[in-house]
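J.: dropping the sequence and predicted coords here.
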Amino acid sequence: MSTSSDTQKQMYEAYASSYTIFLKNWQANRQRALEMLEKHFKSSLSEQIVSVLSVGPGPGEFDKQFIHLLQQNISEGQPLKYVVVEPNHIHRQIFEATMQSANVSKVHFEMHPMTIEDFQTNEKFDCIHYTHSIYHMPGQERRLILESLDMLKDTGVLLITLDTEEAVIFKLITKYAEVVGNDQYWQEGSSQMMESNKLREIIDDIGLSYKFETYPEYLDVSACFEQNSEEGKVLMNFLFQANLRDASPELNQQLLSLVDEVAIEQNGRKMLYLPAGTFVMPKQ
Ligand SMILES: C[S@@+](CC[C@H](N)C(=O)[O-])C[C@H]1O[C@@H](n2cnc3c(N)ncnc32)[C@H](O)[C@@H]1O
């Protein structure tokens with residue numbers, strides 16, 4: 001008999017393998033968030049131990065680049081602590097492998113196998129970042145921002161990167177929810193996914209000052225249009241945040257037409273426009 005923890009494990013495994021395929025096709029622009037952080041750190045990095053909390057790092061691609069940036073900006077021999085909160089066991093494994101191959105041996109890592117909602121600490125951080133992970137905490141954003149501010153040093157900074165409202169994935173998800181019935185699709189009272197405009201309303205309501213920049217990112221969805229492509233099927237599931245394996249051929253065709261409507265052609269490839277935005281919120 002399968003228990004709920006087995007089911008959870010299987011869901012994490014399915015998510016991790018689809019995210020690997022998403023990453024392969026995603027033209028992310030990690031550099032912009034790093035540049036914003038670098039500007040902030042020029043004036044305010046601790047002279048003692050530098051510590052970072054990464055919420056939902058996934059395979060750790062952004063984290064690897066962030067650690068290199070920190071190492072370039074701290075003094076020789078200054079300790080660097082990198083705390084990770086990641087509930088997905090496969091992502092934790094890939095994160096460890098990413099760091100092993102990234103030559104970051106002097107960094108002290110601390111890995112917490114749990115959700116951020118369950119994480120507690122008395123530690124204070126120089127930086128807390130949610131890089132494309134805030135979508136997974138529906139209804140908790142305000143509380144998590146306030147708790148993050150409490151976990152920062154006075155000179156610390158909270159960084160949140162997420163898709164903007166212009167990302168066409170939101171159109172696809174909304175249309176899909178209409179097709180299958182909104183009540184069936186949306187759970188826990190959340191009626192839409194978090195995007196930068198909605199997050200800005202929460203941040204403004206709290207009354208924080210921040211810097212915000214947007215920049216283009218794209219997803220190559222050409223595989224969705226190749227017959228019987230396993231990669232295409234995984235991407236379709238990701239785009240609609242649904243399991244379409246048992247969907248009828250008619251529904252799959254209808255959804256593919258929706259993707260086609262919002263896709264743009266670039267060098268013979270079908271691309272989706274998924275612009276992202278980064279908020280940088282200093283504690284003070
Ligand atoms: C879209 S991925 C982003 C991964 C990575 N930061 C990146 O930019 O490639 C979202 C990550 O958030 C993690 N996650 C989901 N819910 C979470 C929660 N409640 N607390 C912490 N992490 C969570 C997932 O396991 C996944 O690794």
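T.: Yep, it's here.
J.: only C-alpha atoms for contact and neighbour calcs from this point on.
T.: OK.
J.: and the top helix by length along the chain, how far from the chain's centre?
T.: Scanning the chain for the helix with the most residues, using DSSP state H, yields helix 4-25. How far helix 4-25 lies from its chain's middle: 14 Å, per Cα atoms, centre = their mean, to the nearest Å.
J.: likewise for stretch 199-219?
T.: On Cα atoms, centre = their mean, the centre of stretch 199-219 falls 14 Å from the chain's centre.
J.: just to revisit the earlier point, contacts made by the longest helix of the chain with the rest, please.
T.: Helix 4-25 is contacted from outside by N88, H89, I90, H91, L219, D220, V221, E231, V234, L235, F238, using Cα atoms under 8 Å, 6 or more residues apart in numbering.
J.: closest one to E178 out of those, please.
T.: The shortest approach to E178 among these belongs to F238, at 17.2 Å (Cα to Cα).
J.: what's around that closest one, how many residues?
T.: 19 (other Cα atoms under 10 Å).
J.: okay, the angle between the strand or helix carrying it and helix 4-25?
T.: Per DSSP states H and E, F238 falls inside helix 230-240. Between the axes of helix 230-240 and helix 4-25, defined by axes from the mean of the first three to the mean of the last three Cα atoms, to 10 degrees, the angle is 110 degrees.
J.: give me the buried positions along helix 230-240.
T.: For helix 230-240, a neighbour-count test (16 or more other Cα atoms under 10 Å) marks E231, G232, K233, V234, L235, M236, F238, L239, F240 as buried.
J.: C-alpha coordinates for that helix, PDB please?
T.: In PDB, the C-alpha atoms belonging to helix 230-240 read as follows (Å, rounded to 0.1, in the frame of the first residue of the first chain):
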ATOM      1  CA  GLU A 230       8.900  12.600 -24.500                       C
ATOM      2  CA  GLU A 231      10.600  15.900 -23.900                       C
ATOM      3  CA  GLY A 232       7.600  17.700 -25.500                       C
ATOM      4  CA  LYS A 233       5.200  15.800 -23.200                       C
ATOM      5  CA  VAL A 234       7.100  16.800 -20.200                       C
ATOM      6  CA  LEU A 235       7.200  20.500 -21.300                       C
ATOM      7  CA  MET A 236       3.400  20.400 -21.900                       C
ATOM      8  CA  ASN A 237       2.900  19.200 -18.300                       C
ATOM      9  CA  PHE A 238       5.100  21.900 -17.100                       C
ATOM     10  CA  LEU A 239       3.500  24.600 -19.100                       C
ATOM     11  CA  PHE A 240       0.000  23.700 -17.900                       C
END
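J.: what's the average pLDDT for that helix?
T.: Confidence for helix 230-240, expressed as mean pLDDT, is 94.
J.: what's the least confident helix or strand in the chain, going by average pLDDT?
T.: helix 182-185 (a mean of 69; mean pLDDT, DSSP states H and E).
J.: kindly report the residues of the stretch 101-250 of the chain close to the ligand.
T.: T115, I116, E117, T131, H132, S133, H136, M137 (Cα under 6 Å from any ligand atom).
J.: and stretch 265-283, how far out from the chain's middle?
T.: That offset, for stretch 265-283, works out to 12 Å (Cα atoms, centre = their mean).
J.: then it to PDB, C-alphas only?
T.: The C-alpha coordinates for stretch 265-283 follow below in PDB (Å, rounded to 0.1, in the frame of the first residue of the first chain):
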ATOM      1  CA  GLU A 265       9.500  32.100 -34.000                       C
ATOM      2  CA  GLN A 266      13.200  32.600 -33.400                       C
ATOM      3  CA  ASN A 267      15.700  31.000 -35.700                       C
ATOM      4  CA  GLY A 268      13.300  28.300 -36.700                       C
ATOM      5  CA  ARG A 269      12.500  27.500 -33.100                       C
ATOM      6  CA  LYS A 270       9.200  28.000 -31.200                       C
ATOM      7  CA  MET A 271       9.800  30.100 -28.200                       C
ATOM      8  CA  LEU A 272       7.600  31.400 -25.300                       C
ATOM      9  CA  TYR A 273       8.300  34.800 -23.800                       C
ATOM     10  CA  LEU A 274       8.700  34.400 -20.100                       C
ATOM     11  CA  PRO A 275      10.100  37.700 -18.800                       C
ATOM     12  CA  ALA A 276      11.300  37.700 -15.200                       C
ATOM     13  CA  GLY A 277      11.700  40.400 -12.500                       C
ATOM     14  CA  THR A 278      13.800  40.700  -9.500                       C
ATOM     15  CA  PHE A 279      13.000  42.600  -6.300                       C
ATOM     16  CA  VAL A 280      15.900  43.600  -4.100                       C
ATOM     17  CA  MET A 281      14.700  44.700  -0.600                       C
ATOM     18  CA  PRO A 282      17.200  45.900   1.900                       C
ATOM     19  CA  LYS A 283      16.200  45.400   5.500                       C
END
